[in-house]
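> only geometry, no sequence info:
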Ligand SMILES: Nc1ncnc2c1ncn2[C@@H]1O[C@H](COP(=O)(O)OP(=O)(O)OP(=O)(O)O)[C@@H](O)[C@H]1O
Ligand SMILES: [Mg+2]
């Protein structure tokens, strides 16, 4: 966890800086005076201090000098009024990493902080190229020391070393393909150049080429300006093609050509552009089978399949579960400002016994949701609710298809969603889907609200009615802010 100490005498500044930083995943503490800063720097041991240049009991610049002498590894960012640029310059001379001007813009503050941490990380990597992978990547940290994951780490290193070879990452949904792709980039000589990712499943076919290769001004009607694609933006770096199995066939041909010839053209362009990127692709689909079915180009498949990283599903490397659980506990303690110290033995037993069809992502979500429900400082098995969860996700309990609405069904009767009629005894429910789309979350919230109203606010009855466990209902009520 990255720890930041904010030193400022104005409570409003301390608050407005700490809230967004905590949300961004930093651990934050504050001090309102020079004296308090001196003691917190010892007790809290931050990696970074945001230091007001004017403090009631101390001169910020003197304090900076003192901190730099005593704790040279701590990064210090000064907080100064914009009018006070002279002292900002002075601060740089004394070893400050950067400064933030007051009044500040939150986005640029976050940027300054991230940049400082990134610079530090790169410096460390340059100094210790051989240190173990899981100590270097922090927010993109890959956890795991099962033999299976150790093999994955080894292959990541080998892929990183090749620098140019295309890498294909295979694994079920939620196994960490994206993290692995980033790790390959971070460990390669390309790590200082950009990493760009594109989700081939999320972008409509006609925009995908534009996103990948860019276009010239006037390439099509709306092409007002020249637009760089990610192959160009990621120059010298890495392009991560996520969900490659969902890439349309026509696009597959273009990608293959770009990879093979190491050059491509912008849409509407008349000259070739050289490519210097490494391509990493990932999918949770069975590409081999897709090739057999003619849904994925065989030539692209062989081209991508030069170096392959297979990430085993979590159920095949259960030894990783305790570490991952502990790691997520730390993360969410921070994020939700909680202090749950450990996981009860029964809870751990259940985590180990469960099959994790959604892999690490599901584990992460389960821990988070159990933590939201937990009142004590130890995560108990009761709040994990895995079996109920698993049961609930089995489609057999839900209707396979929603019955079609009767013609002429009336529209919304209230400000709630248009549930035109319900009849729970037979299990059918009629919903008219509005043409403009529907928010599933809103719908869920409204159904929960209706069920609670129907049962006079009795949660046990409402839960039974909704075929949820009471904990699940409580969790969702909390999530939607229903009381
Ligand atoms: N080994 C790991 N250590 C720490 N966190 C992990 C690990 N593996 C996965 N995660 C976390 O689990 C979640 C899912 O990981 P990721 O998005 O990389 O999965 P994915 O394989 O790309 O899934 P999908 O196929 O659904 O896109 C993320 O929050 C990620 O940070
Ligand atoms: Mg992914």
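On my side now, so go ahead. Bear in mind the structure is a predicted one, so any value in this text is a computation, not a measurement. Numbers count the residues shown, from 1 in each chain. Ligands and ions are numbered 1, 2, ... in the order given.
> the domain parsing of this protein - what is it?
3-126, 141-310, 318-393, 415-480 (automatic domain parsing).
> excluding its backbone neighbours, what's nearest residue 374?
residue 383 (5.3 Å; CB to CB, 6 or more residues apart in numbering). Placement of C-beta: from N, CA and C, glycine included.
> That neighbour reaches residue 370, doesn't it?
Yes. Counting by CB atoms under 8 Å, residue 370 is a contact partner of residue 383 at 4.1 Å.
> picking up where we left off before, quick one, which of the domains of the chain gets closest to ligand 1.
domain 141-310 (2.6 Å; CB to the nearest ligand atom).
> Ramachandran coordinates for residue 370?
phi -70, psi -40 (degrees, to the nearest 10).
> same check, this time on residue 467
Per degrees, to the nearest 10, the backbone of residue 467 is at phi 60, psi 40.
> Do me a favour and average the pLDDT over stretch 199-207.
Stretch 199-207 carries an average pLDDT of 80.
> With stretch 239-246 instead?
Model confidence over stretch 239-246, given as mean pLDDT, is 94.
> check contacts around the nearest residue to residue 264 once chain neighbours are set aside.
Spatial nearest neighbour of residue 264, chain neighbours left out: residue 258 (4.0 Å); criterion: CB to CB, 6+ apart. By CB atoms under 8 Å, 6 or more residues apart in numbering, the contact set of residue 258 is 212, 213, 231, 264, 275.
> is it true that the last one touches residue 229?
No. When contacts are counted by CB under 8 Å, residue 275 is not listed as touching residue 229 (10.5 Å).
> neighbour count winner among the two?
The neighbour comparison of residue 275 against residue 229 (other CB atoms under 10 Å) goes to residue 229, with 22 against 19.
> Just give the closest residue to that one, not the sequence neighbours.
Nearest non-adjacent residue to residue 229, counting by CB to CB, 6+ apart: residue 214, 3.3 Å away.
> what's that neighbour in contact with, if anything?
So residue 214 contacts 226, 227, 228, 229, 231, 232, 266, 267 (CB under 8 Å, 6+ apart).
> Tell me who's in contact with the closest residue in space to residue 275 that isn't next to it in sequence.
Distance criterion CB to CB, 6+ apart; nearest residue to residue 275, sequence neighbours excluded, is residue 262 at 4.8 Å. Contacts for residue 262 (CB under 8 Å, 6+ apart) come out as 274, 275, 276.
> Out of the residues you listed, which are close to ligand 1?
With CB under 6 Å from any ligand atom as the criterion, these include none near ligand 1.
> How about residue 307: which residues does it bridge to?
Here residue 307 sits in beta bridges with residue 167, going by DSSP bridges.
> residues contacting it?
By CB under 8 Å, 6+ apart, the contact set of residue 307 is 155, 158, 159, 162, 165, 166, 167, 168.
> same question, residue 97
48, 75, 76, 77, 116, 119.
> what about 7 Å?
Applying CB atoms under 7 Å, 6 or more residues apart in numbering to residue 97 gives the contacts 75, 76, 77, 116.
> List the ones among the residues you listed that fall in helices.
Of the positions in the contacts of residue 97, residue 116 sit in helices, assigned by DSSP state H.
> which of the contacts of residue 97 sit farthest apart?
Spatial extent of those (CB to CB) is set by the pair 76 and 116 at 9.3 Å.
> Among these two, which residue is more densely surrounded?
Set side by side, residue 76 and residue 116 show more neighbours around residue 76, with 26 against 17, by other CB under 10 Å.
> Cool, thanks, signing off.
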